[in-house]
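1. Here is the input, now give the coordinates:
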Amino acid sequence: MQGTDFILRSLVADDIGHLFLVPGGLVDPFMPAIGRVPELTPVVAAQEGGAAYMADGYARASGRFGACLCIGGPGVTNTVTALSAALTDESPVLLITGEVANYMEGLGLFQDASAGTYDDSLILAPVTGESYSIPDIRLLPQKMRGAVKRMLDGVRIPVHLSIPRDVQTGEVDVAPVPLAADLLDSEPLDSRAAARMWTLLRDAGAAPRVAILVGGGAISDDTSRDLIKAAERFAIPVATTEHAKGIFPEDHPLSLGVFGYAGTRHATDAILNQELDLLIVLGATLNVRDSMYWSDRMRPKLGILSVNISAVHVDCHRPNEHFVRGHGGAFARWLLAADETDARPLADGIAARRAWLEAVRQEERYYDIANTTSDQQPIHPARMLADTRKTMPRDTIAIVDSGAHRAFAVHYWDSYGPRQFITASALGPMGWGIGAGIGAKAARPDSPVVVFTGDGCMQMHGIEVQSAARFGLPVIYVVSNNQALGNVWLRMRKLGAVPMELTETVDHDWAGFARSLGAEGATVREAGELVPALEKALASNRTVVIDVKTDRAAGTPVEPYAEAKAAWSYHE
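-> So this is what the prediction gives:
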């Protein structure tokens, strides 16, 4: 078969159902090949960065990987931010690009970005796990399979394959072989290292105050199921980072909610409590946002048991941290299966833990809860989030873009399952969510998808709304239109009139913009108008943009984080 067909059928063999792309001369041979592989649904993006954002959203929502296709040269450079976001959040995205034929490198062909010129494989090397140009058609099967293995091996990361024209049109004499299931689902654990926990608890005598913090590296359906059972067996309260929000249902009696940036009062009070005995961290990097700005109060008496697939992610400057190499899901299963003798230190603390958790829950879970029912105009963002949550079905996937609206979403939106709250939490490129929502809907068509984005984000990547509308993907975009670059404006208002003016935006008609792109649009100016607009959007089964006029002056619910940041040794 032709090289292009081999690549596309390899994707199908690995259970990938969509390819996000921008056509161009350097990938011309792929266009008829897509017609020869009907199992793979193409979605054409407005811009290459949007296609990569879609692939990222597909990967995060599906638990598999996402694939995108574009030309080399300017196509590649347009994907750099998207691949950077995937790298920093450990999301597996396969970027396939077209290049001039190997024998034409460096001869001055239009858009030649091969090794004979500036080599766009080198441009992407810092933001991928592997960036490789295939010099010979005979290497295609090996390199295609190797790239996917690299992408899914342990810490998941994006990879890039540049396919020269002669490789695209060359002939391959083997058929694609699907990846082994154990590679996709491998969740190893160093059980000997994990067993140190029993020693810690036994040596401490009575140590009832144990909590679990789950991060993005532990996300999977199996992890969620086993974590719930293990937590229930031992009455262990569970918090998550914003990246892992929803892996433990946030209406479960043992849920503390999100810890860190925009986290709940329950999670903050439990994890920063000086009486906490042991914190078990599963798949979290404890970066600045996930550690409450590296809070000095995060010092459990027995330390932190950090379970991670990579030692690189362990907080090396935090004293008394015990590293266990492994996947958080495997640890949850190990904990659930523990025999009664080993588990006695945990079992003996169940009653005390329940009493402790009950005391924590006496306080209101959310900060400034009155804002969720406020009738003020412009609309308070907390009200926007609360009304959207109560209107959307329980299995809704929330895709959350970057900006002030993310803090409100992390805090006031409750999620009840893994991969139901998706955000680019590390790099945080504005406009990421607009494309990512399209990928998420393609991956999980039976789940409603709502994208929380802002007017600043829409200015950057709002054109991708046309991609959702064109390809019949019913995504609901809730735009927090505060006529400002929200978080930046909140800082600049303290610095005078000119900084404020520079961070304000034009009040564009985003509903009208949506209609011009073939989507539905609605404008919400009063709080009572949002629920009817959402209900209409759900019933329409179409791409809908809801332009919500929100209050730019509404402070984000990040009080403990802001206090910890102010106490740090430098100003960010």
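2. Which parts of the stretch 301-450 of the chain are helices?
-> Along the stretch 301-450 of the chain, counting by DSSP state H, counting those that start in this stretch, helices occupy 328-336, 340-347, 350-360, 381-391, 404-412, 432-443.
3. can you tell which of the ones you listed is closest to Arg299?
-> Distance to Arg299, taken as C-beta to C-beta, is lowest for helix 350-360 among these, at 17.3 Å. Where you see a C-beta, it was placed from the backbone N, CA and C, and this is true even at glycine.
4. Kindly calculate the angle that the closest one makes with helix 340-347.
-> Counting by axes from the mean of the first three to the mean of the last three C-alpha atoms, to 10 degrees, helix 350-360 lies at 30 degrees to helix 340-347.
5. buried stuff in helix 350-360?
-> By neighbour count on 16 or more other C-beta atoms under 10 Å, the buried set for helix 350-360 is 353, 356-357, 360.
6. okay if I get the residues you listed as JSON lines plus distance to Pro38 and pLDDT?
-> Below are these laid out as JSON lines (distance: C-beta to C-beta, whole Å; pLDDT from 0 to 100):
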{"residue": "Arg353", "distance to Pro38": "55", "pLDDT": "95"}
{"residue": "Trp356", "distance to Pro38": "57", "pLDDT": "95"}
{"residue": "Leu357", "distance to Pro38": "53", "pLDDT": "96"}
{"residue": "Val360", "distance to Pro38": "54", "pLDDT": "96"}
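7. now these in JSON lines, with distance to Asp375?
-> Output for the buried residues of helix 350-360, formatted as JSON lines (distance: C-beta to C-beta, whole Å):
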{"residue": "Arg353", "distance to Asp375": "40"}
{"residue": "Trp356", "distance to Asp375": "38"}
{"residue": "Leu357", "distance to Asp375": "34"}
{"residue": "Val360", "distance to Asp375": "31"}
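8. ok, of the helices of the stretch 301-450 of the chain, where does mean pLDDT dip lowest?
-> When these are compared by mean pLDDT, helix 340-347 comes last with a mean of 92.
9. Contacts for that one, please.
-> Residues outside helix 340-347 that contact it (C-beta atoms under 8 Å, 6 or more residues apart in numbering): 195, 198, 201-202, 204, 207, 210, 234, 236, 338.
10. Make a ChimeraX selection of the buried ones in those.
-> To isolate the buried members of the contacts of helix 340-347 in ChimeraX, using 16+ other C-beta under 10 Å:
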select :198,201,207,210,234,236,338
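11. Which ones among the contacts of helix 340-347 map onto helices?
-> Mapping those onto helices (DSSP state H) picks out 198, 201-202, 204, 234.
12. quick revisit: pick the most deeply packed of the helices of the stretch 301-450 of the chain.
-> Mean neighbours per residue, mean count of other C-beta atoms under 10 Å, is largest over the helices of the stretch 301-450 of the chain for helix 432-443, with a mean of 31.
13. any idea of the angle that one forms with helix 404-412?
-> 60 degrees.
14. Please compute how far helix 432-443 lies from its chain's middle.
-> 11 Å (C-alpha atoms, centre = their mean, to the nearest Å).
15. and if you look at stretch 6-15?
-> 24 Å.
16. go on, stretch 392-411?
-> 11 Å.
17. Which SSE is immediately downstream of the helix or strand containing Tyr132?
-> Per DSSP states H and E: Tyr132 is located in strand 130-133. Sequence-wise, the next helix or strand downstream of strand 130-133 (DSSP H and E) is helix 140-152.
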